[in-house]
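**Student:** Everything below, folded, please.
(chains A and B)
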Amino acid sequence: MRRYVIRRLIQAVAMLFVMSIVFFLLIHAIPGGPDRVLFNPKLPPSVRIQLRIQYGLDQPLYIQYWNWISHVLQGNFGDSFVDHQPVMSDIGARAPATIELFVVGLLFALVVAILLGVFSAVRQYSLTDYVVTVLTYFGIAMPVFFFGLVLQEIFAVQLGWFPDLGRASVDQTGFTALEVFEDYALHLVLPVFMFSLLFIAGWSRYLRSSMLDVVKQDYIRTARAKGLSSRIVFFRHALRNALIPLVTQVAIDFGGIAAGAVITETIFAWPGMGQLFLSSLTNRDYPVILAMLTFITASVIIANLIADVLYGVIDPRIRFS
Amino acid sequence: MATIQSNQAPTAGALELTPELARKRRSQGRIILDRFLRNRVAVGGLVVLLLMVLAAIFAPFISHYDPDQYNIALQTAPPSAAHILGNDDLGRDELTRLLYGARTSLTIGITSMLVMVAIGVLVGAVAGFYGGWIDNLLMRITDGFLAVPFLIWLFTVAGIFSNGSVKDIVIIIAVFSWPITARIVRGEFLGLKEREFLLAARTLGASDARLMFWHILPNAIGPITVVATLGVGQNIIAESILSFFGFGLQKPTSSWGTMLNDSQAYITSAPILVWAPGIAILITVLCFNLIGDGMRDALDPYMTER
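**Tutor:** Numbers count the residues shown, from 1 in each chain, chains lettered A, B, ... in the order given. Coordinates of the predicted model:
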């Protein structure tokens, strides 16, 4: 087990290292190179050359990469070309918003998907099952940004139940602690719905079929024969085993979840890292693009690593070799 | 034999079997097709999709408006008898734009799928067939592509390299969507390459390429068709997301995604301009997914005939 984890860790670090080179080359393959974007075209050539030297852009690529990666390993991703602040402080300022959306959205998606999956498996071919099935098909085929626009228009603009943009009210003066919490919670509702739709749909289908596989097994019949109620059999005996394959599926979908956060944040003007990523692409803010790509890739690789290890922990039948 | 049979009283099982046996012998392909056709939901998806494709092809016969004809007097006009879905922010007929947008969206979805399948089959076939270090190398490259989320790749590469042409978008979507196909094809090849029919073909002196694409590939066509069908829907959504966020097609080319981008400011004053392209994408992708799932069920040898 320990050897397996160590080997996977080494593989993960190696993969991240290779990808960092890929990203670096990708950015430098941009027509015109970084200085075209970085410097005002009206600058006299002498100043341009001086600036190139100052930013290290006159060096060969491998030296530039070395300079970049050695700073990155010390937690320094350089300064943003746009606001001239350290990239890490820009990302740090936006991390809490993204983490909030991520954690709440993921938990919401899991709870709803598990409930829907179990109920449609328990009542297979019932009306509930058909309704859930139809809804999940629509959920999977739904262009998420369109769903977000519609949610925003109906529940925020037309009905006014929830705020349409942002993470909190701009002016919270005079709010009690409870009202501040309520303010954050209300802002969170629509983005969480948009963010989790696709995964609720996918995971509930997935759980339904794995539940149907599990309930055919003998130990479920034994549990029923003991006289246990259906609820206990399904939620305590069957669900536990049916959840095992879902762990892998959630890890596989982790990249999609990250991409979903980028789209959700942009639609709802959520001040998180996803928004920063898209605006850095529009502005060609190289240090931020590089940092965000590295960051997203690292989190995808780590999520998969955790899932693989977790899979062995929750399923004792799996032996690591 | 005949006497033995006549001496036996027909059992219930034999009676049930008789119509099965009497049924005309069908080829494997015929069995799969019959199974697919019995899936009403999947056939429904196929019919709706064919209607949409026909509407896109024969757009000029359905609507006599020019999709690019401006009309200041009709800016964001609500639906009327002359303009069934109203007019967009520049007074262009929305239904006409939807029909012509279907051409772009479907073209991008289908061509990017074809390129995706071509790359995926080639990589997966070579990796699965040769194994060893070639397999290892190709699969590590595949892992590298999968280490970054599909949409993040698209945003990044389209954002910094694309000039917004249909060709660029097709290539970018294809280049980052093939890894799943490659993994599936590799898995099929790994299972099939040890079979006797391949040894026979090899003994007869068939070349590697012939073994891969003439002998093994036809046996893997089922899973490839499924992943290809589902891929079209996924790629249509990918294009619409890119175009909606301004990283995709650039004017004057328009797709359902660019229509959503153009109209999002008018969601309150002229909601149909957002709903129409959004629902068009939803229905198209839904059809591709239903057909894909129907094919998966039809191809599944463990599905019992009902």
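
**Student:** can you count the residues close to residue 286?
**Tutor:** Defaulting to chain A. 23 (other C-beta atoms under 10 Å in any protein chain shown). Yep, even glycine has a C-beta here, placed from its N, CA and C like the rest.

**Student:** look at chain B instead
**Tutor:** For residue B:286, the neighbour count with other C-beta under 10 Å is 19.

**Student:** Excluding sequence neighbours, find me the nearest residue to it.
**Tutor:** residue A:141 (3.9 Å; C-beta to C-beta, 6 or more residues apart in numbering or on different chains).

**Student:** Equivalent analysis for residue A:18, please.
**Tutor:** Distances taken as C-beta to C-beta, 6+ apart put residue B:144 closest to residue A:18, at 6.5 Å, once the chain neighbours are dropped.

**Student:** Could I get the contacting residues of the one you found?
**Tutor:** Each residue near residue B:144 by C-beta atoms under 8 Å, 6 or more residues apart in numbering or on different chains is listed here: A:15, A:18, A:19, A:22.

**Student:** Burial check on the third one, number of neighbours?
**Tutor:** Using other C-beta under 10 Å, residue A:19 is surrounded by 21 other residues.

**Student:** part of a strand, is it?
**Tutor:** No. Remark: residue A:19 does not belong to a strand; assigned using DSSP: H, G, I helix; E, B strand; the rest coil, it is helix.

**Student:** Check the secondary structure at the residue lying closest to it once chain neighbours are set aside for me.
**Tutor:** Residue nearest to residue A:19 in three dimensions, not counting chain neighbours: residue A:297, with 5.1 Å by C-beta to C-beta, 6+ apart. Three-state assignment for residue A:297 (three-state DSSP): helix.

**Student:** okay, now the single nearest residue of the stretch 51-200 of chain B relative to chain A: neighbour count?
**Tutor:** In the stretch 51-200 of chain B, no residue comes nearer to chain A than residue B:149, which is 3.2 Å away by C-beta to the nearest C-beta. Look at residue B:149: counted by other C-beta under 10 Å, it has 24 neighbours.

**Student:** for the contacts of residue B:144, which one is nearest residue B:28?
**Tutor:** residue A:15 (41.3 Å; C-beta to C-beta).

**Student:** Assign that closest one to helix, strand or coil.
**Tutor:** Per three-state DSSP, the local secondary structure of residue A:15 is helix.

**Student:** secondary structure element for the residue nearest to residue A:18?
**Tutor:** Using DSSP states H and E, residue B:144 sits in helix B:132-147.

**Student:** buried stuff in that helix?
**Tutor:** B:135, B:138, B:139, B:142, B:143, B:145, B:146, B:147 (16 or more other C-beta atoms under 10 Å in any protein chain shown).

**Student:** is it true that the first one touches residue B:124?
**Tutor:** No. When contacts are counted by C-beta atoms under 8 Å, residue B:135 is not listed as touching residue B:124 (9.9 Å).

**Student:** list the residues that contact both of the two?
**Tutor:** residue B:186.

**Student:** picking that back up, surely the residue nearest to residue B:286 meets residue B:233?
**Tutor:** Yes. If you go by C-beta under 8 Å, residue A:141 and residue B:233 touch, sitting 6.6 Å apart.

**Student:** Mutual contacts of those two, please.
**Tutor:** In contact with both residue A:141 and residue B:233: B:285, B:286, B:289, using C-beta under 8 Å, 6+ apart.
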